[in-house]
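S.K.: okay, here's the prediction I keep looking at, along with the sequence it came from:
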Amino acid sequence: MNIQETLTQKVNEAVEKLHSASIDHVEFQATRKEFAGDITVVIFPMLRQVKTNPVVLGEAIGNYLKENVTEVADFNVVKGFLNIVLSDNYFLKSFNNIKDDTNYGSIKTDENSPKIMVEYSSPNTNKPLHLGHIRNNLLGYSVAEILKAAGNTVYKTQIINDRGIHICKSMVAWRDLSPRDKNGERETPQSRNIKGDKFVGEYYVKFDKEFKYQLNEIIGDVVNKINSALNKSIENQEFNIYKAIKNSEISEEYFDAIGKSVKEFYGFDNLISEKEIESLPYSNLDYIFIEQGEKIEKIKSSRDKFVEIFGDLYLNKSAKEKFSEKDIRKVKALLDKNFTNVVPILLEAQKMLQLWEAGDEDVVALWKKMNQWVYDGFKETYRELGVDFDKNYYESDTYLLGKEVVNDGLEKGVFYRKEDGSVWIDLTDEGLDEKIVLRADGTAVYMTQDIGTAIQRVKDFDINGMVYTVGNEQDYHFKVLFLILKKLGFEWANHLYHLSYGMVDLPSGKMKSREGTVVDADDLIKEMTKTAQEISEELGKLDGYTEEEKEKLYKTIGLGALKYYILKVDPKKRILFNPEESVDFQGNTGPFIQYTYARIQSILRKATFNYQEDIQSYNLHEKERELIKQLQLFPEQVQQAAAQHSPALIANYTYDLVKEFNSFYQNVSILGVDNQEEKIFRVQLAKTVANTIKSAFELLGIDVPEQM
RNA sequence: GGUCGCAUAGCUCAGCUGGAUAGAGCACCUGCCUUCUAAGCAGGCGGUCCCAGGUUCGAAUCCUGGUGCGAUCACCA
């Protein structure tokens, strides 16, 4: 029985004896520093059962406890708070248990432990990992470790998004655009000596560039033709754009694309201020088709505006100076949308996707080759970051899953079929929308895949729950997914958790790979390591370390700073990451905690005497008492962190522990004291603190150094 | 517009199921290395806990309404 349980029982006894009333719950809290005592009973809630003065009641209970509980040494009452002073003996006994528990804080798992799968990372294979993935990886890994420590059997997994149009883009770009060597061989990550994920990522960017180039070419050509057609029609006094364009040399598909763009432009954004236009009847371009003389000039100017923005945009002229940003954005979006599907290189990528789905040998071989490059690159980043997986799932294996379940769901009446053959679920009763689960042509959507994959995982690992580490932009998706699985009647669907986390933003806003504002994972790790090195060298405390050991240490510290910086924040809050200011190494940081650990190791190296023996009776220093209290909290913190899926709780706990220790360290001598018992106890205490730091940091995936 | 999340010191963040005078770090200021590692310690400065109501003996915390920021509302993943 722990002290809180003992006190609960005895407080109940006291109230019963003194007032013959019973209370349902005794509320405890840690005693605030400014008052004497270790644990505090809050008297106020008891006044509901016992009508009396809180101070009087507190005194009475205090007296009873002091007489009947050996651990209670003394007490005082302030307002409605009964502050209890516990005996040194109690703390010593408690400490001796902690000290000898090599697994302190964790619950051992056995075959009856709950089995949970934690998914995290889940990258696309078309680009390298970035800062966003780092938060995801650190959170997922840490939560997995915390769940383990809390007594669950945990399987870590990732689903690799290895299929789809994105990877086909890189493939097309490499196949068609990469330079060849003397022997006619295409360049490879090996020939370039760069990481495979970076290599493939370059080709993804190359695709995008080529795509834009081709789009510009097409649009430029169209613009020229339109302009000349228009000029001709104006010369002829025919203000009929429709006819003019129709008669130009623009091919049918481009003509359609332009027609759609212009229509949509005028259709849902009345940026032309001339109100008259609005009232005109239109279909396609016909609304500009008008012969009323007085309006011709206005119509002409509106038309010109569209064509000009259109032209300037794609002929790289100065649209920005002449038109509002809103107009430009609108025109651009429309053109991108309507012209995208006529750009040759994109058509090529789409063709490749079809070939891939049909199992075309060459395409599949190319796909395998390029994905392997990416996997090798990821593997390296994961290793550097110190995260791992028990099982990899690949989207190429799972993207067809879930379709059969849809049939079951149809039979059960969970889903329904629309006239066009598509299958939906109606979640309006739950305050959500209708959601599609199968397209009219019978192909799966994202949701279908996730349903199928979840079921597959339960089959594979006999798990009773899952944690999905995915950004909060997908909150809605997971809400729906979990609800569908529940409606399908899976018992385990009640133990699904979306570990939703906030985005990592830069001072410039969101990270965008296209705009090159992405913080690359490998680069960031390298930079942190470099900073750690600079600080270490400046402090110069690494005598006796080999170069190799130093390198390893810099990495430990650099990663420690980065990981702690990210994990100490509540997962659901967004993080603003400023690369300029970098990550701190002082104060509430990873290195501060690592430093404290290293300090203790230094003491232990110097403590060459035998300090194994338990100390049975001892007069505790105030700082020692505080430290033991802090140590006692650890197991509870682990449970809480698991329940809340929050590494931040572990980070904050560790910081408090370390702060307490440093205060002790700087105010109390450890090896310098004469009294042998005192010396032994203090070394034991330091060692136990170090072990707890190490255990806690293991839950965060952070290493601790022996010296720094 | 509907839904979800966030809002605490100049900045970055804690604050557990409601409890005492709201806490850390950074920054700024003062002290402390002839004693176990100064990436440290001791102290100072700094608050309309977004606003307004409500519940309660008691609200940063719970409820309602509002404001601001973000996300989401695709037969994309």
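M.R.: Yep, that arrived.

S.K.: for A:Glu698, grab the count of nearby residues.
M.R.: Neighbour count for A:Glu698, taken as other CB atoms under 10 Å: 17. (Glycine included, C-beta is placed from N, CA and C.)

S.K.: which residue packs closest to it, ignoring adjacent ones?
M.R.: In this structure, A:Glu698 finds its nearest non-sequential neighbour in A:Glu145, 6.7 Å apart by CB to CB, 6 or more residues apart in numbering.

S.K.: and for that neighbour, the neighbour number?
M.R.: Residues lying near A:Glu145 (other CB under 10 Å) number 22.

S.K.: equivalent analysis for A:Lys369, please.
M.R.: By the criterion of other CB under 10 Å, A:Lys369 has 12 neighbours.

S.K.: what's the distance between it and RNA strand B?
M.R.: Computed with CB to the nearest atom of the strand, to the nearest Å, the distance linking A:Lys369 and RNA strand B is 21 Å.

S.K.: likewise for A:Met352?
M.R.: Going from A:Met352 to RNA strand B by CB to the nearest atom of the strand gives 16 Å.

S.K.: wait, that residue touches A:Val172, no?
M.R.: Yes - the criterion here is CB atoms under 8 Å, and A:Met352 meets it with A:Val172 at 5.8 Å.

S.K.: and the two? Which one has more around it.
M.R.: A:Val172 (25 against 22).

S.K.: that one sits in which helix or strand?
M.R.: Assigned by DSSP states H and E, A:Val172 falls within helix A:165-177.

S.K.: also A:Ile525?
M.R.: helix A:521-539.

S.K.: tell me the residues of the stretch 451-600 of chain A that contact RNA strand B?
M.R.: Contacts of the stretch 451-600 of chain A with RNA strand B, taken as CB under 7 Å from any atom of the strand, map to A:472-477, A:502-503, A:510, A:532, A:535-536, A:539, A:541, A:557, A:568-570, A:572-576, A:584-589, A:591-592, A:595, A:598-599.

S.K.: of the residues you listed, keep whichever come out buried.
M.R.: Taking 16 or more other CB atoms under 10 Å as the criterion, what is buried in those is A:472, A:477, A:502, A:532, A:535-536, A:557, A:568-569, A:575, A:585, A:588-589, A:591-592, A:595, A:598-599.

S.K.: now the helices for the stretch 351-500 of chain A?
M.R.: Taking DSSP state H, counting those that start in this stretch as the criterion, the stretch 351-500 of chain A carries its helices at A:361-385, A:395-398, A:403-412, A:446-461, A:475-487.

S.K.: apologies, that question was intended for the stretch 551-700 of chain A.
M.R.: For the stretch 551-700 of chain A, the helices defined by DSSP H, counting those that start in this stretch occupy A:590-606, A:622-632, A:634-644, A:647-667, A:676-700.

S.K.: ok, now the stretch 1-150 of chain A?
M.R.: Going by DSSP H, counting those that start in this stretch, the stretch 1-150 of chain A shows helices at A:3-19, A:54-68, A:88-100, A:131-149.

S.K.: out of those, deepest packed?
M.R.: Highest mean neighbour count among these (mean count of other CB atoms under 10 Å): helix A:131-149, with a mean of 25.

S.K.: so which bits of the helix or strand just after it are buried?
M.R.: Following helix A:131-149 in sequence order, the next helix or strand is strand A:153-160 (DSSP H and E). By 16+ other CB under 10 Å, the buried positions in strand A:153-160 come out as A:Thr153, A:Val154, A:Tyr155, A:Lys156, A:Thr157, A:Gln158, A:Ile159, A:Ile160.

S.K.: so where's the stretch 151-300 of chain A uncertain?
M.R.: The model of the stretch 151-300 of chain A has pLDDT under 70 over residues A:230, A:233-234, A:237-247, A:252, A:255-256, A:258-300.

S.K.: point out the residues in the stretch 601-708 of chain A that sit beside RNA strand B.
M.R.: Within the stretch 601-708 of chain A, the positions near RNA strand B by CB under 7 Å from any atom of the strand are A:601-603, A:606, A:640, A:648-649, A:652, A:655, A:659, A:662-663, A:665-672, A:706-708.

S.K.: relative to helix A:521-539, how tilted is the longest helix seen in chain A?
M.R.: Ranked by residue count, the top helix of chain A under DSSP state H comes out as helix A:196-235. Helix A:196-235 runs at 120 degrees relative to helix A:521-539, counting by axes from the mean of the first three to the mean of the last three CA atoms, to 10 degrees.

S.K.: please name every helix or strand in contact with helix A:196-235.
M.R.: Using 3 or more CB pairs under 8 Å, 6 or more residues apart in numbering; DSSP states H and E, the elements in contact with helix A:196-235 are helix A:165-177, helix A:189-192, helix A:241-247, helix A:252-268, helix A:296-314, helix A:325-339, helix A:344-357, helix A:361-385.

S.K.: which other helices and strands does the last one contact?
M.R.: Which is helix A:361-385. Applying 3+ CB pairs under 8 Å, 6+ apart, we find helix A:361-385 packed against helix A:131-149, helix A:165-177, helix A:189-192, helix A:196-235, helix A:344-357, helix A:521-539.

S.K.: mind doing that once more with 7 Å?
M.R.: Packed against helix A:361-385, as judged by 3 or more CB pairs under 7 Å, 6 or more residues apart in numbering; DSSP states H and E, are the following elements: helix A:165-177, helix A:196-235, helix A:344-357, helix A:521-539.

S.K.: same question for the shortest one.
M.R.: Applying 3+ CB pairs under 7 Å, 6+ apart, one finds that helix A:189-192 makes contact with helix A:196-235.

S.K.: any idea of the pLDDT on the nearest residue to A:Ser663 once chain neighbours are set aside?
M.R.: With CB to CB, 6+ apart as the criterion, A:Ser663 has its nearest non-adjacent residue at 6.2 Å, and that residue is A:Lys623. Note on A:Lys623: pLDDT of 93.

S.K.: surely A:Lys623 and A:Val668 touch.
M.R.: Yes - here A:Lys623 reaches A:Val668: they are 5.6 Å apart, a contact under CB atoms under 7 Å.

S.K.: sorry, back to before: for the helices of the stretch 351-500 of chain A, give me a markdown table that also has distance to A:Leu82.
M.R.: Output for these, formatted as a markdown table (distance: least, CB to CB, whole Å):
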| stretch | distance to A:Leu82 |
| --- | --- |
| helix A:361-385 | 49 |
| helix A:395-398 | 58 |
| helix A:403-412 | 57 |
| helix A:446-461 | 50 |
| helix A:475-487 | 44 |
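
S.K.: can I get the ones you listed in a markdown table with distance to A:Thr102 and mean pLDDT?
M.R.: Shown next, in a markdown table, are those (distance: least, CB to CB, whole Å; pLDDT from 0 to 100):
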| stretch | distance to A:Thr102 | mean pLDDT |
| --- | --- | --- |
| helix A:361-385 | 27 | 96 |
| helix A:395-398 | 40 | 92 |
| helix A:403-412 | 46 | 89 |
| helix A:446-461 | 29 | 95 |
| helix A:475-487 | 38 | 93 |
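
S.K.: mind giving me the domain ranges of chain A?
M.R.: Split into domains by automatic domain parsing, chain A comes to A:3-86, A:207-344, A:527-700.

S.K.: what's the span of the longest one, first residue to last?
M.R.: Counting by CA to CA, to the nearest Å, the length from the leading to the trailing residue of domain A:527-700 is 21 Å.

S.K.: looking at the domains of chain A, which one has the lowest mean pLDDT?
M.R.: domain A:207-344 - the lowest mean pLDDT of these, at a mean of 60.

S.K.: related to what we said a few turns ago, distance check, the residue nearest to A:Glu698 against A:Leu567.
M.R.: 11 Å (CB to CB, to the nearest Å).
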